[in-house]
Structures are given as structure tokens and as C-alpha cells.
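J.: Give me coordinates for this.
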Amino acid sequence: MKKFLKHVFLFFAPVAVLLVACEWALRCIPNDAHFRETQLQKHKQTITTLILGDSHPYFGINPEYINQQTFNLAAVSETPDLTAEVLKHEINRLPKLKTLVVGLSYFSLYESLNRGSETWRLRHYNIYRSM
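T.: Next up, the predicted model:
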């Protein structure tokens, strides 16, 4: 039995190493969630206005046209419950935060990202936001 387990382990060890290497390589690919988290960390001491919400403020509000130090943290398909979690997570990390803009769409009031075809987006919150 020990010999069998040894062979099984020797067979699956390279597969496990390959899977871990693939996961690490995939996480190194630049994406929007990683970019925004690094930019937030870089500018968190100066941000005075934070924009949260779903795709409407994400695509509709450009921080470059606002006079204050503004950061758009809205995300596509973000539901109000996730917006509240992001706010709880970020409120204490931004010492100069004075203004909060929350975009709220009528159709997102009864939606949840935990079910449906957009559940894959939750991985970005777990990986990059540490919530």
C-alpha cells in the first residue's frame, strides 16, 4: 500500500506544481482590478473624493475633470451590497476622504453578484481587494 501511495504522489506532484505555476502566471497578467488596487495604494494619502458604484459611474464619471484628488473605484456589475463592503473596507484607509459619490442604478437594487452569470467577478474582490 505504501508503494502505491508513493507512486500516486509521484504522479500527482508534477501536476500540482504545474497547476500552481499556471495560477501564479495568470495572476501576474495585468488586469483592471490589479491596476486600480495598486493605484489606490499609491495615492491613498491624497484622495479626497471617492467614486463607487456599478458600470454607470465607472464609465460615466471621469476623475480627470474634477478639481479635487478623485479616484474612481466603481466596477462593472457591482451590486449595492458589494459597494457597501468596498466602502467599509476603504473608509479607514483614506485619511483625507471628504466626498463620496455612489452611483446607484435602479436595475441593480434587486441583483446580487453571488448568483447569476456574473459570479466570476467575485474572484477579483477576493484576490485583489482582500475583503
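
J.: For residue 36, give me its contacts.
T.: With contact taken as CB atoms under 8 Å, 6 or more residues apart in numbering, residue 36 is in contact with residue 73. C-betas here are computed from N, CA, C, even on glycine.

J.: can you tell me which helix in the chain is longest?
T.: As assigned by DSSP state H, the longest helix anywhere in the chain is helix 2-27.

J.: C-terminal to that one, what's the next element?
T.: Sequence-wise, the next helix or strand downstream of helix 2-27 (DSSP states H and E) is helix 32-43.

J.: list the helices and strands the next helix or strand after that following helix packs on?
T.: Going down the chain from helix 32-43, the next helix or strand is strand 49-53, by DSSP H and E. Strand 49-53 makes packing contacts with strand 70-72, helix 80-90, strand 99-103 when contacts are defined by 3 or more CB pairs under 8 Å, 6 or more residues apart in numbering; DSSP states H and E.

J.: related to what we said a few turns ago, give the buried residues for the longest helix of the chain.
T.: Of the residues in helix 2-27, none count as buried by neighbour count, 16 or more other CB atoms under 10 Å.

J.: Give me the helices and strands touching that helix, please.
T.: Helices and strands touching helix 2-27, as assessed by 3+ CB pairs under 8 Å, 6+ apart, are absent.

J.: report the angle between the axes of it and helix 32-43?
T.: Helix 2-27 runs at 70 degrees relative to helix 32-43, counting by axes from the mean of the first three to the mean of the last three CA atoms, to 10 degrees.

J.: Take the helices and strands packed on strand 49-53 and write them to TSV, including distance to residue 24.
T.: As requested, the helices and strands packed on strand 49-53 are arranged in TSV below (distance: least, CB to CB, whole Å):
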stretch	distance to residue 24
strand 70-72	28
helix 80-90	25
strand 99-103	34
